[in-house]
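Task: produce atomic coordinates for the following.
(one chain, ligands or ions: 1)
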Amino acid sequence: MRRAVCPGSFDPITNGHLDVIMRASKLFDEVVVAVLINKTKTTLFSVEERMELIQDAIREHPDPAPNVVVESSHGLLVDFCRSRGIQSIVKGLRAVSDFDYELQMAQMNNRLAGVETLFMSTNPQYAFLSSSLVKEVARYGGDVSGLVPDVVLKHLRDRLVQG
Ligand code: PNS
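Coordinates of the predicted model:
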């Protein structure tokens, strides 16, 4: 079985992430979306909330992807890959600015465990998009509809109203 992981913080998932996940699901037998827990980072949504938002976004997507599963992990991504028999990491590349760090991580992950990283060019429609920018725009009342799944839009509004 060819299995890949799409790792990230997903705080929250954006339409750019979703696009990469759905496209990866057509290339692999199974795609595991791994929400990586980084205890040093403050997040807007808890791990459980982020996983639920991803699951809902995939469920509500018009093009079904029954081979996508959502999990969480802490520690090294390569240890997660080893424990699940995952051979490939799929990452979206938005721009050259992503490349240096992504290449460094890809080479380190390959060195640590022989895991391959495949870069998928993001849909140009979402090339400027990041979770941090979405949160910043939403926090100041900007319109992020069309940039995040509808279910995220609703939770983002609720969460930011709560403060
Ligand atoms: O969405 P993000 O925050 O850009 O994703 C980065 C992430 C979580 C994929 C990356 O930081 C990661 O793989 N973290 C897990 C810890 C790890 O394996 N670190 C060594 C990377 S070479």
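
burial count for N109?
By the criterion of other C-beta atoms under 10 Å, N109 has 19 neighbours. C-beta: built from backbone N, CA, C; applies to glycine.

what about the strands in this protein?
For the chain, applying DSSP state E gives strands covering 3-8, 30-37, 68-74, 88-93, 116-121.

would you list these in CSV and tack on mean neighbour count and distance to the ligand?
Below are the strands of the chain laid out as CSV (neighbours: other C-beta atoms under 10 Å; distance: least, C-beta to the nearest ligand atom, whole Å):
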stretch, mean neighbour count, distance to the ligand
strand 3-8, 23, 3
strand 30-37, 22, 4
strand 68-74, 17, 8
strand 88-93, 20, 8
strand 116-121, 15, 10
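
Tell me the residues of this protein that contact the ligand?
With C-beta under 6 Å from any ligand atom as the criterion, the chain meets the ligand at residues P7, G8, S9, L36, L76, L77, M105, M108, N109.

Surely the fourth one touches G8?
Yes: in this structure L36 lies within contact range of G8 using C-beta atoms under 8 Å: 6.7 Å.

need the strands of the chain in a markdown table with mean pLDDT, can you?
Shown next, in a markdown table, are the strands of the chain (pLDDT from 0 to 100):
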| stretch | mean pLDDT |
| --- | --- |
| strand 3-8 | 98 |
| strand 30-37 | 98 |
| strand 68-74 | 97 |
| strand 88-93 | 98 |
| strand 116-121 | 98 |
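
a markdown table for these, including distance to M22?
Formatted as a markdown table, the strands of the chain follow (distance: least, C-beta to C-beta, whole Å):
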| stretch | distance to M22 |
| --- | --- |
| strand 3-8 | 10 |
| strand 30-37 | 9 |
| strand 68-74 | 8 |
| strand 88-93 | 11 |
| strand 116-121 | 11 |
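
list the buried ones in the longest helix seen in the chain?
Among the segments of the chain that qualify as a helix by DSSP state H, the longest is helix 96-113. Going by neighbour count (16 or more other C-beta atoms under 10 Å), the buried part of helix 96-113 is D98, E102, A106, N109, A113.

just stretch 133-153 next, same as before
Residues of stretch 133-153 classed as buried: V134, K135, A138, V144, L147, V148, P149, V151, V152, L153 (neighbour count, 16+ other C-beta under 10 Å).
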